[in-house]
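1. need a structure here:
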Amino acid sequence: MTPCPARALRRILALVAVAAVAGGCAPRRAGLLREVPAERRANPRVLRMEVTAYCPCGQCCGWERGRWGRPVFAYGPQKGQPKRVGITASGTRARPGTIAADTSLLPFGTIVYVPGYGYGRVEDRGGAIRGRRLDVFFRRHGDALEWGRQTLDVKVWTP
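-> Residues are numbered from 1 along each chain as shown. Okay, the predicted model is just below:
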């Protein structure tokens, strides 16, 4: 008995769709706008920004396994010190919709809409994130690499 090719194809497409949703490919957290006061909701600032992506891996976040197998900072002034993987600079756990920005330009709590990614909140900052740059979070390294580097007009609602 040979399996039906159409049925197999439908099963594969369903698995790919589930993996895309579970992998956090595109957060759609439009409910974040409810946190913005109504008078500012209608008039967001539009900024042209360079948008890159990151994930919780050591390559993206600058950590490696130490002598005892625990994560430690791979470089910088804290090299060799314990690192809490997946925890942002604001103290929250990184998840799809977490955005890293220069907090002197966009403070923690700023709501941002990035075309092709969705809504997110500034909850992190990175060593190379200065000025008009954003880093959007993906769960998988492959998704972050696929995003690449893009220059986009993003909508911003500051707290």
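
2. can we go C-alpha only for contacts and neighbour counts from here?
-> Fine.

3. Please name the residues that touch the residue nearest to Thr158 when sequence neighbours are not counted.
-> Nearest non-adjacent residue to Thr158, counting by CA to CA, 6 or more residues apart in numbering: Thr110, 4.5 Å away. By CA atoms under 8 Å, 6 or more residues apart in numbering, the residues touching Thr110 are 121-122, 156-159.

4. 10 Å instead?
-> Contact analysis of Thr110 by CA atoms under 10 Å, 6 or more residues apart in numbering lists 32, 35-36, 99, 101, 103, 120-123, 156-159.

5. Against Pro159, how distant is it?
-> Using CA to CA, to the nearest Å, Thr110 is found at 6 Å from Pro159.

6. on that earlier part again, scan the contacts of Thr110 and report the most crowded one.
-> Highest neighbour count within the contacts of Thr110: Ile99, with 30 neighbours (other CA atoms under 10 Å).

7. Make sure it is indeed in a helix.
-> No: counting by DSSP: H, G, I helix; E, B strand; the rest coil, Ile99 is not part of a helix but strand.

8. How about it: which residues does it bridge to?
-> When assigned by DSSP bridges, Ile99 has beta-bridge partners Val122, Val136.

9. hmm, back to that, the residue nearest to Thr158 and Glu123, how far apart?
-> Separation of Thr110 from Glu123 (CA to CA): 8 Å.

10. Give the residues shared as contacts by those two.
-> Counting by CA under 10 Å, 6+ apart, the shared contacts of Thr110 and Glu123 are 99, 101, 103.
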